[in-house]
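Visitor: Got a predicted structure here, sequence first:
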Amino acid sequence: MRCSWAFCILVFGIPAFAAVNCPVAPDGPTSEARQAFLLRNFDKAIALDQATLAHSPNDPDALAGIVESLLREEKIDDAVAAAQKAQQANPHNAVVLTALADAQYRAGMPWKAIQSLHDALTADPCYARAHLGYARIARIESFYATASQEARTAHTLDPHDPEIRSDWIWTLPTADRIRELQDYLRSPSGDDPEDVRHMRQLLDFMQRSASEPHKACRLVSATTSTEFPFAYLMEDSEHIRAFGLKVRLNGQAAQLQIDTGAGGIVVSRSVAERAGLKAVSQTDMGGIGSQGFKPGYTAYADSIRVGDLEFQDCAVRVLDSRSVVDQDGLIGMDVFSDFLVTLDYPMRKMTLGPLPPRPGELAAPATLRSDPSSGNAPGDPASNAPASSAAAPAAHGPFDRYTAPAMKNWSPIYRVGHELLLPVTLDRKTTRLFILDTGAWSTTITPEAAREVTKLHSADGELEVRGLSGKVKDVFYADKLTLYFANLSQPAEQVPAFDLSSLSRNTGMEVSGLIGANTIDLTTLDIDYRDGLIHFDYRANRGYMHTPGHQD
């Protein structure tokens with residue numbers, strides 16, 4: 001099978017790996033190593049698996065168990081090395097190949113993981129965890145119908161595996177999802193306590209929303225397109241800090257930073273109080289910085305107006321602070337997943353327009369996708385629409401990526417929740433995943449990725465980097481390098497470098513940097529969140545409107 005990072009998903013071919021006449025995994029006693037894993041005693045689990053290997057050197061379950069425990073301990077390089085060694089000893093074993101795919105996925109190499117999963121399902125089409133791996137990669141490639149089907153197949157084959165079950169839960173309608181998530185959280189699963197806390201917060205929000213019914217978030221204005229200038233968010237009287245949108249929440253004005261690195265709408269406590277937003281449930285939020293998660297709450301706004309568009313009864317998250325990184329708040333572009341988003345940096349304006357209709361899709365009213373309990377993309381398996389059991393998607397979705405003829409030259413992009421991840425080749429030597437983050441003032445890189453291609457120097461306190469989680473520790477500068485991504489190449493020097501391990505953990509894949517505002521400042525950026533497609537139009541000599549004092 002020939003695969004590129006962008007198109008390998010197209011060979012998913014469900015008939016080729018159909019789980020026909022497969023036995024269902026029994027709900028029997030688990031091994032002592034597996035019990036230790038589910039209780040998060042990973043060192044004990046590894047020791048027990050190693051003891052098994054002492055008398056059965058190529059035991060696939062023990063080899064895979066060690067890889068999965070190392071991944072839970074965030075020892076990514078060790079997990080990849082252990083998986084590669086296991087695969088050399090068991091080159092055609094589905095259990096081992098799937099463990100290798102899990103390690104490759106977490107290491108930020110989904111283009112390698114898909115090949116390993118193809119090999120795993122060729123070896124054993126009935127192996128449930130390989131179908132789970134396919135579901136995950138299909139989802140980040142915006143193949144939502146495939147992801148939903150693969151998640152259900154994995155659950156049918158092994159309904160007792162906690163990781164399979166947690167993925168399958170999000171394919172269910174809301175009422176079923178609440179019930180299954182309640183049951184899931186009653187048993188040990190090996191999940192990180194931080195992840196469990198966030199699941200409980202999300203469950204609380206879904207329960208409160210269900211017990212206090214409200215109208216669904218919807219577009220109420222007659223127009224479905226709008227264009228408006230960027231708002232300048234100033235550092236001081238002469239320097240622009242960032243670009244934003246002028247938004248009205250319940251009639252109250254706010255300027256929210258345009259941020260593809262953020263999800264939903266996040267406003268400060270002071271903005272929420274002016275708009276009369278009432279808390280529905282507690283939550284916490286985090287981002288760049290070294291101070292962890294900050295408390296907040298979720299609320300519903302009666303009205304949100306952006307340009308000529310008005311939405312009603314939409315979710316907003318509130319950070320329990322007087323400001324959000326010294327401003328009113330952030331607006332993630334993922335909330336506009338029902339629209340074609342154009343960020344025209346040379347002309348300092350934003351346009352929201354209609355997406356090309358997908359074949360067989362029943363037109364649905366546009367909405368603002370800010371609800372944290374549902375998928376941000378139309379047709380995402382986490383949506384509230386009932387799941388279809390048929391191989392073909394239902395008219396209401398979920399849908400696989402649709403590339404309209406007018407978008408044939410657009411670049412596919414990985415999407416994890418609100419994050420947009422691009423494979424970036426550094427100096428034509430190595431390829432790593434970077435997040436497209438218009439809220440970052442500069443393109444940045446991790447020290448580990450920088451050391452692979454260039455030299456690294458301490459910033460010596462000359463540079464302060466702050467995000468939603470406060471100030472970043474240990475900031476460096478990377479020397480000259482060139483980034484190649486989508487249809488662009490971009491030389492850069494003195495690139496800020498700092499640790500992104502918390503972002504990588506939350507994303508579930510290794511993130512090696514951020515594509516920030518100074519890299520895309522001369523481009524018009526088109527984003528189709530629905531289908532995971534992006535296009536950059538470089539306009540250095542085409543009407544660029546320079547803004548005096550703007551810091552790149």
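Guide: Looks like it came in fine.
Visitor: buried stuff in the top helix by length along the chain?
Guide: Longest helix of the chain, by residue count under DSSP state H: helix 193-211. Across helix 193-211, burial judged by 16 or more other C-beta atoms under 10 Å covers 198-199, 201-203, 205-206, 209. C-betas here are computed from N, CA, C, even on glycine.
Visitor: Of these, which is the nearest to residue 28?
Guide: residue 199 (26.6 Å; C-beta to C-beta).
Visitor: any low-confidence regions in the stretch 251-400 of the chain?
Guide: Applying pLDDT under 70 to the stretch 251-400 of the chain flags residues 286-292, 363, 373-396.
Visitor: Going along the chain, name the helices of it.
Guide: 269-275 (DSSP state H, counting those that start in this stretch).
Visitor: just so I have it, where are all the strands in it?
Guide: 252-259, 265-268, 279-285, 294-306, 309-319, 329-332, 339-344, 349-354 (DSSP state E, counting those that start in this stretch).
Visitor: my read: residue 501 touches residue 74, true?
Guide: Yes. Between residue 501 and residue 74 there is a contact at 7.4 Å, judged by C-beta atoms under 8 Å.
Visitor: ok, now which ones touch the nearest residue to residue 205 once chain neighbours are set aside?
Guide: Excluding the flanking residues, the one nearest residue 205 by C-beta to C-beta, 6 or more residues apart in numbering is residue 281, at 4.2 Å. Residue 281 is in contact with 201, 204-205, 208, 297-298, counting by C-beta atoms under 8 Å, 6 or more residues apart in numbering.
Visitor: can you redo those as TSV with distance to residue 322?
Guide: Formatted as TSV, those follow (distance: C-beta to C-beta, whole Å):
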residue	distance to residue 322
201	23
204	25
205	24
208	26
297	15
298	19
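Visitor: Would you mark the buried spots in the helix or strand harbouring residue 87?
Guide: Using DSSP states H and E, residue 87 maps to helix 76-89. Buried residues in helix 76-89, defined by neighbour count with 16+ other C-beta under 10 Å: 76, 79-80, 82-83, 86-87.
Visitor: just those now: which is nearest residue 100?
Guide: Relative to residue 100, the closest of those is residue 83; by C-beta to C-beta it sits at 4.1 Å.
Visitor: tell me the pLDDT at the closest one?
Guide: Residue 83 is assigned 98 on the pLDDT scale.
Visitor: Enumerate every residue touching it.
Guide: Residue 83 neighbours (C-beta under 8 Å, 6+ apart): 67, 96, 99-100, 102-104.
Visitor: Average pLDDT for stretch 183-196, rounded please.
Guide: pLDDT averaged over stretch 183-196 gives 93.
Visitor: As CSV, could you dump the C-alpha coordinates of it?
Guide: Extracted as CSV, the C-alpha positions of stretch 183-196 are listed here (Å, rounded to 0.1, in the frame of the first residue of the first chain):
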residue,chain,number,x,y,z
ASP,A,183,-21.1,3.8,34.2
TYR,A,184,-17.6,4.2,32.6
LEU,A,185,-16.4,6.5,35.4
ARG,A,186,-17.4,4.0,38.1
SER,A,187,-14.6,1.5,37.2
PRO,A,188,-10.8,1.9,37.0
SER,A,189,-9.6,2.6,33.4
GLY,A,190,-6.0,3.6,33.7
ASP,A,191,-7.0,7.1,32.6
ASP,A,192,-5.0,10.1,33.9
PRO,A,193,-6.7,11.7,36.9
GLU,A,194,-6.7,15.1,35.0
ASP,A,195,-8.6,13.5,32.1
VAL,A,196,-11.0,11.9,34.6
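Visitor: Only the buried residues of that stretch, if you could.
Guide: Applying a neighbour-count criterion of 16+ other C-beta under 10 Å, one finds 184, 189-191 buried in stretch 183-196.
Visitor: Which pair of those spans the longest distance?
Guide: Farthest pair in the buried residues of stretch 183-196 (C-beta to C-beta) is 184 and 190. Separation: 12.1 Å.
Visitor: where do the contact lists of the two overlap?
Guide: residue 162.
Visitor: so who does residue 349 touch?
Guide: Residue 349 makes contact with 227-230, according to C-beta under 8 Å, 6+ apart.
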